[in-house]
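Trainee: turn this into a structure:
(chains A and B)
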Amino acid sequence: RKEVEQDPGPFNVPEGATVAFNCTYSNSASQSFFWYRQDCRKEPKLLMSVYSSGNEDGRFTAQLNRASQYISLLIRDSKLSDSATYLCVPRPGNNRKLIWGLGTSLAVNP
Amino acid sequence: NAGVTQTPKFRVLKTGQSMTLLCAQDMNHEYMYWYRQDPGMGLRLIHYSVGEGTTAKGEVPDGYNVSRLKKQNFLLGLESAAPSQTSVYFCASKEKDFGELFFGEGSRLTVL
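Mentor: Numbers count the residues shown, from 1 in each chain, chains lettered A, B, ... in the order given. Below you'll find the predicted structure:
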C-alpha cells in the first residue's frame, strides 16, 4: 500500500458546485495533516492544516477519520480560481519528513 | 516580501557538468529543504537542514550535495549532472518543526 493515495482525477466541476476529495494514508502514527494546493507549473502553497478531527476555513472543510485512515477536503461554491492540484500531506509522528501524495487535479469550469 | 527565492529558475546542462542551485529565505527560518518533483511522483526530499551548519539526507540524496553556511541560504549542488536529474527543484523553509512550509517558485533543470 502506498504511503499516501489520492484519486488523481481530473475532477471537472461547474462553478458553484461542491466537490470532495479523499486521501488515504498508511502510517497510523500520522499526527498532523496538511492540504496544499499547487497551480500548474507553480510551487505548492499551504491551504489548510489539520491537527484534530477537522478544520474549516471559509469554503474549505477538511475532515480526518483516524480509524479508517483517511482525510477529506470539501470545497463548497467552487470558483474558477480553485482550479489546481490538491496535495494531501500526512506527517508521521515527530518525523520531520512530510509524505507527499501525487495530488488530485480539479478543474472548475464556467 | 521576497520569502523564498531560488536561482536560477531555468538551466540546461550537458551530462557531466556541475552546477549549484541557490535558495535564499528572508524569514529567519531554521529549517530548509530541497525537493524534486517529477511527473507521476510526489515531491521527494533530497536533503534538508535544521539549522545553520547542519545538513541531512532525505530520501533521494544520491548525486547531490548541500551546504548551509549561512542561515538564510541553502545550496544544492550537482557534481556531475545526469539526465535522470532532469526535474523541477523546489526549495522550502519553515520557522519551526510544525510550522507552515514556504516554497520557492522552483528551478527547472534539464540535463541533456
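Trainee: C-alpha from now on. contacts and neighbour counts both.
Mentor: Noted.
Trainee: close to chain A: what parts of chain B are there?
Mentor: By C-alpha under 8 Å from any C-alpha of the partner chain, the residues of chain B that approach chain A are B:40-45, B:58, B:90, B:97, B:100-106.
Trainee: what segments of chain B are strands?
Mentor: Under the criterion DSSP state E, strands of chain B are mapped to B:4-7, B:10-13, B:19-25, B:31-37, B:44-49, B:56-57, B:64-67, B:73-78, B:87-94, B:102-103, B:107-111.
Trainee: re the thing from before, state the pair within the residues of chain B next to chain A that is farthest apart.
Mentor: The span of those, defined through C-alpha to C-alpha, is set by B:Gly40 and B:Asp97 at 28.0 Å.
Trainee: which of the residues of chain B next to chain A sits closest to B:Arg68?
Mentor: Of the residues of chain B next to chain A, the one sitting nearest to B:Arg68 (C-alpha to C-alpha) turns out to be B:Gly58, at 15.0 Å.
Trainee: A:Val4 against A:Asn22, yeah?
Mentor: No - assessed by C-alpha atoms under 8 Å, A:Val4 is found out of contact with A:Asn22, at 10.5 Å.
Trainee: who has more neighbours out of B:Gly40 and B:Asp97?
Mentor: Higher neighbour count among B:Gly40 and B:Asp97: B:Asp97, with 13 against 9, using other C-alpha atoms under 10 Å in any protein chain shown.
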